[in-house]
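[1] Output the structure for:
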Amino acid sequence: MHGQHVLITGAAGCIDFVISRLFVKQCADVALPYYREFGEANHIDYATSKGALHSGFIKSLKNEIVNIIPHARCNIVAPGWTRTPMAESSIEQGRHLKALRTMPLRKVATTEDVAQACLFFASNKTAGHLTGNVLMVHGGMEGRVLWPENSE
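    Here you go, the predicted structure:
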């Protein structure tokens, strides 16, 4: 469970850093990345830590941060499979194909897709009254297979 400890405390350390930098602002926004909605074998530490961020950490943080920075907003952007340099070898090996069968959109997200979600939350115009939310950027991924194995 070492990974769990690192991810949770890493996120907490990140938030602590952000909050200390935002004391001078009237309004602050915090966007936390990713968590796993569906469990996968051999990823219990990762899923546990990300689940903790989603179910408890963000719900508490949204209530705590306003005591430090009035009107601050805290939300999570949670991408699924995303084409990044780190994921490229897994994609090249076809490890994403099983997941694609559970997505109505049938495609891996781009970094631009994730960036647009972050921009949405960062905007006071589009998300000025949103806090404690999770925006899933995963192509509609479900826990069940939607498409046959050889479908395009």
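
[2] in this protein, what secondary structure element scores lowest on mean pLDDT?
    Least confident element among the helices and strands of the chain, by mean pLDDT, DSSP states H and E: strand 29-33 (a mean of 48).

[3] Quick check: buried residues in the helix or strand following it?
    Counting by DSSP states H and E, the next helix or strand C-terminal to strand 29-33 is helix 44-52. Residues of helix 44-52 classed as buried by neighbour count (16 or more other Cβ atoms under 10 Å): 46, 47, 48, 49, 50, 51, 52. No exception for glycine: its C-beta is placed from N, CA and C like everyone else's.

[4] and if you look at stretch 136-149?
    Buried, per 16+ other Cβ under 10 Å, within stretch 136-149: 137, 138, 139, 141.

[5] Any idea how far it is from the middle of the chain?
    17 Å (Cα atoms, centre = their mean, to the nearest Å).

[6] Quick check: the gap between the residue lying closest to residue 113 once chain neighbours are set aside and residue 143.
    Among residues not flanking residue 113 along the chain, residue 137 sits closest, at 5.7 Å (Cβ to Cβ, 6 or more residues apart in numbering). In this view, residue 137 and residue 143 are 17 Å apart by Cβ to Cβ, to the nearest Å.

[7] can you check residue 130 too?
    The gap separating residue 130 from residue 143 is 26 Å, by Cβ to Cβ.

[8] before we move on, what about residue 61?
    From residue 61 to residue 143 the distance is 27 Å (Cβ to Cβ).
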